[in-house]
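S.K.: Okay, here's the prediction I keep looking at, along with the sequence it came from:
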Amino acid sequence: MNIRKSAGKKFAMHIYIVLFLTLFVLGILCIVFFLYIVNIQKPNGEISTSAWPKTFTEHFSTEITFVNDIPQIKNSGIEQLEQYGLWFQLLDENGSEILEYNTRTDIKTDYNAFELLDIAGGKYINKTETVFVGIYLKDETECRYLIGFPVNISKVTMYLNGEHFTSGKSIVVIILFGAFVFIMLLGLAYGVWITRQMGKITKSVAEIASRTYLHIKHGGVFEEIYARLNQLDNEIQASDELRDNDERLRKEWIEGITHDLKTPLSPIKGYAELLTDTQYQISTDDIRKYGNAILKNINYTESLINDLKLIYQMENGIAPLRMDKVNITRQLKEIIIDLLNTPEYADRKINYVNDSNEIYVQLDISLFRRAIINIIINAIIHNSPETEISVSLALKDRISICIQDNGKGLTLEEQKNLFTRYYRGTNTETKTEGTGLGMGIVKQIVELHGGTIEAHSIYGEGTRIIIYLSHSY
């Protein structure tokens, strides 16, 4: 619980830091933008506010004088005009020029009242020049003068409620402070909300790990996250169920293998005790008989051990493959003949049908032989002696090997788990050579050869196992 609170605090602090940095950067950008739009570069290269031309024009009235009723510009005024590359016009009360300095030929010499109002309101001669209007009082008569600045200044006029707008600076400060407080409060509320949401998500993840999670239906921003959490929980539960089932089957399989190993060891021990007991007189024929029985059970035990070794190699992906190009038609025929030559299977009915006498495929014949034998023996030991088994080989786009019987078939449960690792199916006490391989391992052998295997069965009618392999030309 403390860990989740700490994580929530760290997340909230992260949000605050990000928000603060965002506001800080935004403020810097606003300041830079504000300075960018309110500052100008004077003609002499100096930087000043955009109000400089207006201030300069208002103060320039002190540089105008009249000598014997003739208007003149003081030397200091001329120096200022020259310094900044400005032109000057002094107009009489009728708007006619009475004095000029550095004007161009395209500049008018007579202005009416409306033209002067337009110039004062922001109209300028061209895009690289702005004209400002100043007032000079001569004997209580207003004379206007124009000064042209080689800069582009936009004149903005605002009309505000005088009763409300008593102090522009204070209002701006209040607005900015209010906006800052609002953003901070909004960030605080968002931080609290997102922290709670992240806490719920963290708690859900912990519940999934402890297998106590209950599915949550959630809309809004986090709808997708909760949907993924629900999906993750479903997958974990399915994985747990599969693991538990696999573990159960593995234990049952080990118990079965243990029983299978004890079966041959019991007669070996019994015959060995007879052979070593000095109280009994044993004939040469009995010694040979007991020796053959011991040898048979030792071979069976060795077969089981080899099967266990193969299972280990299969599970760890280290099964050795000795691939050769073989005639699968001939190999299947030899497998069936070998089985029928085994005394305990001599009376069984196994038919073999093929499309061609020569169909070649890349195989580890030792592994593949064991897989085919396992399938056929499973069909033998789990069905009655009258059951007929048919092995067919066909070649179309790929090689198909079909092993079919007309026995009792498989239940739905047996079909579901037929290729499940460790699944032993119907228990049997019958000893068979090479029975250490389950159908799950058979499937692995087929897949090691790049093939696929399918099972089709109807309970009470029989089972059909089909193996598909790629053809080698």
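M.R.: Thanks, I have the structure now.
S.K.: Packing partners of the longest helix anywhere in the chain?
M.R.: Ordering each helix of the chain by length in residues (DSSP state H) puts helix 223-276 first. Contacts defined by 3 or more Cβ pairs under 8 Å, 6 or more residues apart in numbering; DSSP states H and E place helix 223-276 against helix 168-209, helix 284-315. For glycine as for every other residue, the C-beta is placed from the backbone atoms N, C-alpha and C.
S.K.: List the residues that contact I458.
M.R.: Listed by Cβ atoms under 8 Å, 6 or more residues apart in numbering, the contact set of I458 reads G409.
S.K.: Look up which helix or strand I350 falls in, please.
M.R.: strand 349-354 (DSSP states H and E).
S.K.: ditto for S457
M.R.: Using DSSP H and E, S457 sits in strand 452-458.
S.K.: Relative to that strand, what are the paired strands and their orientations?
M.R.: strand 462-469 (antiparallel) (DSSP bridges).
S.K.: Show me how far the partner strand is from its chain's centre.
M.R.: Per Cα atoms, centre = their mean, to the nearest Å, the displacement of strand 462-469 from the mean C-alpha position of its chain is 39 Å.
S.K.: With stretch 62-71 instead?
M.R.: Using Cα atoms, centre = their mean, the offset of stretch 62-71 from its chain centre is 83 Å.
S.K.: buried set for it?
M.R.: Residues 63-64, 71 are the ones in stretch 62-71 that count as buried (16 or more other Cβ atoms under 10 Å).
S.K.: partners of the strand holding I350 in the sheet?
M.R.: The pairing partners recorded for strand 349-354 under DSSP bridges are strand 388-395 (parallel).
S.K.: Run through who's touching the helix or strand just after the strand it pairs with.
M.R.: Using DSSP H and E, the helix or strand that follows strand 388-395 towards the C-terminus is strand 399-405. Contact with strand 399-405 is made by 328, 332, 359, 361, 372, 375-376, 379, 383, 387-394, 462-471, as judged by Cβ under 8 Å, 6+ apart.
S.K.: could you flag which of these are buried?
M.R.: Looks like the contacts of strand 399-405 have 328, 332, 359, 361, 372, 375-376, 379, 383, 387, 389-393, 462-469 buried, using 16+ other Cβ under 10 Å.
S.K.: Now do the strand holding S457, average pLDDT.
M.R.: For strand 452-458, mean pLDDT is 92.
S.K.: cool, stretch 67-84 as well?
M.R.: Mean predicted lDDT for stretch 67-84 stands at 89.
S.K.: what angle do the strand holding I350 and strand 399-405 make?
M.R.: 160 degrees (axes from the mean of the first three to the mean of the last three Cα atoms, to 10 degrees).
S.K.: Okay, angle between the longest helix of the chain and helix 168-209 too, please.
M.R.: Using the same axes, to 10 degrees: helix 223-276 against helix 168-209 is 20 degrees.
S.K.: Where does the prediction get shaky in the stretch 251-400 of the chain?
M.R.: By pLDDT under 70, the low-scoring segments of the stretch 251-400 of the chain are 253, 256.
S.K.: Only the buried residues of the strand holding I350, if you could.
M.R.: By 16+ other Cβ under 10 Å, the buried positions in strand 349-354 come out as 350, 354.
S.K.: mind starting the numbering at 226 from now?
M.R.: Got it, the first residue is 226 from now on, which makes the last one we talked about strand 574-579.
S.K.: buried stuff in stretch 337-356?
M.R.: Buried, per 16+ other Cβ under 10 Å, within stretch 337-356: 344, 349, 354-356.
S.K.: Output stretch 623-634 in CSV, but only the C-alpha positions, please.
M.R.: C-alpha atoms of stretch 623-634 as CSV (Å, rounded to 0.1, in the frame of the first residue of the first chain):
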residue,chain,number,x,y,z
ARG,A,623,2.1,-33.3,-50.5
ILE,A,624,2.6,-36.8,-49.1
SER,A,625,-0.2,-38.1,-46.9
ILE,A,626,0.1,-41.1,-44.6
CYS,A,627,-3.3,-42.3,-43.3
ILE,A,628,-3.5,-44.9,-40.4
GLN,A,629,-7.1,-45.9,-39.9
ASP,A,630,-8.9,-48.5,-37.8
ASN,A,631,-12.5,-49.7,-37.5
GLY,A,632,-12.2,-50.1,-33.7
LYS,A,633,-14.0,-48.4,-30.8
GLY,A,634,-12.9,-44.9,-31.6
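S.K.: From the chain's centroid, how far away is it?
M.R.: 44 Å.
S.K.: coming back round to it: if we only consider the buried residues of stretch 287-296, which is nearest to A431?
M.R.: E288 (81.3 Å; Cβ to Cβ).
S.K.: Chain neighbours aside, what residue packs nearest to I575?
M.R.: Excluding the flanking residues, the one nearest I575 by Cβ to Cβ, 6 or more residues apart in numbering is I614, at 4.7 Å.
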